[in-house]
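**Q** just to be clear, the model below is a prediction. Sequence and coordinates:
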Amino acid sequence: MIKKVTIQNIAAELGLSRNTVAKALTNSDTVAYDTRMSIIKKAWEMGYQKMSPQILEEYKLVENSVDNKTVIILAKRELSVFWNTIVVGISDELNRNNCRMRLNFVSAEDEADLVLPRDFQDGVDAVILMSIFKPDYTREILKQKLPTVFLDCPSGDFDLEHNCDSVIVEGRNSVMQITENLISQGIRSIGFIGDTTYCETVRQHYMGYCAALSENGMLIDKDIIFNSHLPEMYSNAEVEKIVAGFAYMPEAIVCSNDDIALKCIRALAKKGLKCPTDVAVTGFDNEEVLTQVEPRLTTVSIHHQMLGKRLVQQLIWRIENPDFPREKILIATKTIYRKSSMKRR
């Protein structure tokens, strides 16, 4: 004869009070969500027969929400090695959680015309946004009402009704450290290059740069700062024009990524200026292909593959907790000092 499972049996198994278990099995909000779900799970495993259909349905929803889900990754076409490594992390973590991945590249034309990939009509369960899209296109994606996680988020974080989350790489403190290191060398004129209108991370870079100057009693000089949007996303020609357009040549230039930093060094060379002897230059992202040039680039390192895994982990959490408030996850970075910023030996 099979022994009947009681609330007391479940309580004893979990080391909880009978009252707590009884409340959890009625889905009472007076019991913390995680505790409630662990009790429901244990009751299910033990064969408790008195759970309501609603509780049982919620339990099954949570337990089976991840397996065999299809996740679409949306990105613009200009992905680099930096992004590829993140995609590897995403793929590994989705495989570990028995999910399918679809990677879609969005053309500039489709973004402008608000055309979503056809995959949205074919059983997509969740979305990861690898690139920063225009607000109208982003809203079009969010209209699908799917669990969504951003890598970074638009600068200013425009209003979003949908409970989507963002995973953001820390930038303020690391760029503040880089700028303070330049100041500690006796450098008193420091420029900045980076599109602060593009995404939250670059905006944080600029805030860190400004904070370092302010805390050291230095003025923020707009004559050696360029932080506007450019149509070609800071091409070689555009960076050359920026450097040539400074009212005077600063002793150092803080750049929002390694690509801009390398283009900046090339632009300085065309003017007969050496890095770091004449102008120190720093980057961000620690892209190996870019940072190994001479002089080796001072930058900020990100664990790209772990960043990809963290995107998936947050997406799975959002699938299981659709009604929870939006979250921003900040990923720590590491500052790496190299020759390009060592103006003073």
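**A** Now that the structure is in, tell me what you want to look at.
**Q** show the pLDDT at residue 345.
**A** With respect to pLDDT, residue 345 has a value of 56.
**Q** and what of residue 323?
**A** 83.
**Q** same question, residue 60
**A** With respect to pLDDT, residue 60 has a value of 57.
**Q** same thing with the one 5 residues further on?
**A** What the model reports for residue 65 is a pLDDT of 55.
**Q** again, but for residue 3
**A** As predicted, residue 3 sits at a pLDDT of 67.
**Q** and for residue 57?
**A** For residue 57, pLDDT reads 64.
**Q** with residue 199 instead?
**A** 88.
**Q** quick check, it in contact with residue 152.
**A** Yes: under the criterion of C-beta atoms under 8 Å, residue 199 makes contact with residue 152 at 4.7 Å. (Glycine included, C-beta is placed from N, CA and C.)
**Q** looking at the two, which one has more neighbours?
**A** Shown here are residue 199 and residue 152; by other C-beta atoms under 10 Å, residue 199 has more neighbours (25 against 20).
**Q** overlap in contacts, residue 199 and residue 152.
**A** Here residue 199 and residue 152 have residue 132 as joint contacts, going by C-beta atoms under 8 Å, 6 or more residues apart in numbering.
**Q** A strand includes residue 267, no?
**A** No: read with DSSP: H, G, I helix; E, B strand; the rest coil, residue 267 is helix and lies in no strand.
**Q** quick check, it in contact with residue 240.
**A** Yes: here residue 267 reaches residue 240: they are 4.3 Å apart, a contact under C-beta under 8 Å.
**Q** of the two, who's got more company?
**A** Taking neighbours as other C-beta under 10 Å, residue 267 and residue 240 compare with residue 267 leading, 23 against 17.
**Q** so what's that one up against?
**A** Residue 267 neighbours (C-beta under 8 Å, 6+ apart): 236, 239-240, 242-244.
**Q** looking at the chain, which helix or strand does the model trust least?
**A** Lowest mean confidence among the helices and strands of the chain (mean pLDDT, DSSP states H and E): helix 53-64, at a mean of 61.
**Q** number of nearby residues for the closest residue to residue 278 other than its chain neighbours?
**A** Nearest residue to residue 278, sequence neighbours excluded (C-beta to C-beta, 6 or more residues apart in numbering): residue 268, at 7.0 Å. Using other C-beta under 10 Å, residue 268 has 20 neighbouring residues.
**Q** returning to what we had before: I'd like to know which of the contacts of residue 267 is nearest to residue 319.
**A** Closest approach to residue 319 among these (C-beta to C-beta): residue 239, at 41.2 Å.
**Q** ok, and the closest non-adjacent residue to that closest one?
**A** The nearest residue in space to residue 239 (C-beta to C-beta, 6+ apart) is residue 263, at 4.0 Å.
**Q** just the pLDDT for that neighbour.
**A** pLDDT for residue 263: 96.
**Q** that one: what's it in contact with?
**A** Residue 263 makes contact with 234-236, 239-240 under the criterion C-beta under 8 Å, 6+ apart.
**Q** do the same with residue 242
**A** 193, 226, 267 are the contacts of residue 242 under C-beta under 8 Å, 6+ apart.
**Q** sec struct for it, please.
**A** helix.
**Q** sorry, back to before: surely the residue nearest to residue 278 is in contact with residue 276?
**A** No: assessed by C-beta under 8 Å, residue 268 is found out of contact with residue 276, at 10.1 Å.
**Q** burial measure for the residue nearest to residue 200 when sequence neighbours are not counted, as a count.
**A** With C-beta to C-beta, 6+ apart as the criterion, residue 200 has its nearest non-adjacent residue at 5.0 Å, and that residue is residue 153. Neighbour count of residue 153, defined by other C-beta under 10 Å: 22.
**Q** what stretches of this protein score poorly on pLDDT?
**A** For the chain, the stretches flagged by pLDDT under 70 are 1-3, 56-67, 78-82, 155-162, 290-291, 344-345.
**Q** where do the strands sit along the stretch 151-300 of the chain?
**A** 165-169, 190-193, 225-226, 252-255, 280-282, 299-301 (DSSP state E, counting those that start in this stretch).
**Q** columns mean neighbour count and distance to residue 20 on top of those, output as JSON lines?
**A** Listed next are those as JSON lines, based on neighbours: other C-beta atoms under 10 Å; distance: least, C-beta to C-beta, whole Å:
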{"stretch": "strand 165-169", "mean neighbour count": "21", "distance to residue 20": "30"}
{"stretch": "strand 190-193", "mean neighbour count": "24", "distance to residue 20": "55"}
{"stretch": "strand 225-226", "mean neighbour count": "22", "distance to residue 20": "58"}
{"stretch": "strand 252-255", "mean neighbour count": "28", "distance to residue 20": "54"}
{"stretch": "strand 280-282", "mean neighbour count": "27", "distance to residue 20": "54"}
{"stretch": "strand 299-301", "mean neighbour count": "22", "distance to residue 20": "45"}
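**Q** quick one, what contacts the closest residue to residue 334 other than its chain neighbours?
**A** Computed as C-beta to C-beta, 6+ apart, the closest residue to residue 334 that is not its neighbour in sequence is residue 301, at 4.5 Å. By C-beta under 8 Å, 6+ apart, the contact list for residue 301 reads 286, 333-336.
**Q** so residue 51 touches residue 42, yeah?
**A** No: with contact defined as C-beta under 8 Å, residue 51 does not reach residue 42; the gap is 11.4 Å.
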